[in-house]
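Engineer: Below: sequence and its predicted model.
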Amino acid sequence: VVPGESMYVVRAKVRKQGKKHNYRWLADFNRKANYNLREGETLKIPLQELSVKAWRGARIVVVFAGEFPVRIYSCSVGRKGHETPLGSYSLGICEEKPVYYPSGLPAVPYGNPDNPLGERWMGYKESPSYGLHGTNSESTIGSFESEGCIRMHNTDVMELFDLLPVGTLVEISA
């Protein structure tokens, strides 16, 4: 780390080298509790990009660095008639303060207790109406409750949001 260099600058350099890493993954990989850097400090840059695998039946989400799991989360998936779609997706639109747009009804703003998206939204590029998100009903995590999205505890989805850059691969299996 050279004088004046920040985690933002380090991330930009890494991205120019073709690696899609977010701040949190760079910090976690270097066992840093925050994003502060010290002059002369040496940072390790992960060779593996992160990916996500979710299993509907087990109702879990696992973040992998290559073949190694680095996070495991409980989740809820689609209920009968609204099953979470299987397949491979990539993260597209990611929002810190998601607004919910119910079909034929007015938008439900972020922070409204009727907004089922909770604290974060990470939509799939290939299927924008589906994604990973928080919830306004934490007690439903671990169930078949959603309309096809993967719902997570708000604290977990906030951590995941900070870890994953746009373009991250998400694979959903039965």
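Structural biologist: Structure received.
Engineer: Could you use CA atoms for every contact and neighbour count after this?
Structural biologist: Fine.
Engineer: so what's residue 120 closest to, chain neighbours aside?
Structural biologist: If the residues on either side of it in the chain are set aside, residue 120 comes closest to residue 96, at 4.9 Å by CA to CA, 6 or more residues apart in numbering.
Engineer: check contacts around the one you found.
Structural biologist: 119, 120, 121 (CA atoms under 8 Å, 6 or more residues apart in numbering).
Engineer: Please read off the pLDDT at it from the model.
Structural biologist: Reading off the per-residue confidence, residue 96 sits at a pLDDT of 97.
Engineer: next one: the one 5 residues further on
Structural biologist: Model confidence at residue 101, expressed as pLDDT, equals 94.
Engineer: Residue 90 and residue 124 touch, don't they?
Structural biologist: Yes - the pair residue 90 and residue 124 passes the contact test of CA atoms under 8 Å, sitting 5.5 Å apart.
Engineer: coming back round to it: nearest to residue 71 among the contacts of residue 96?
Structural biologist: For those, the minimum distance to residue 71 (CA to CA) is 17.4 Å, reached by residue 120.
Engineer: hang on, the earlier thing: list the ones among the contacts of residue 96 that fall in strands.
Structural biologist: When the contacts of residue 96 are checked against strands (DSSP state E), the matches are residue 121.
Engineer: Give me the sheet partners of the strand ranked longest in the chain and which way each runs.
Structural biologist: Counting residues, the longest strand found in the chain (DSSP E) is strand 87-95. Sheet partners assigned to strand 87-95 using DSSP bridges are listed as strand 121-124 (antiparallel), strand 169-173 (antiparallel).
Engineer: For these, give me a markdown table that also has mean pLDDT.
Structural biologist: As requested, the strands paired with strand 87-95 are arranged in a markdown table below (pLDDT from 0 to 100):
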| stretch | mean pLDDT |
| --- | --- |
| strand 121-124 | 98 |
| strand 169-173 | 98 |
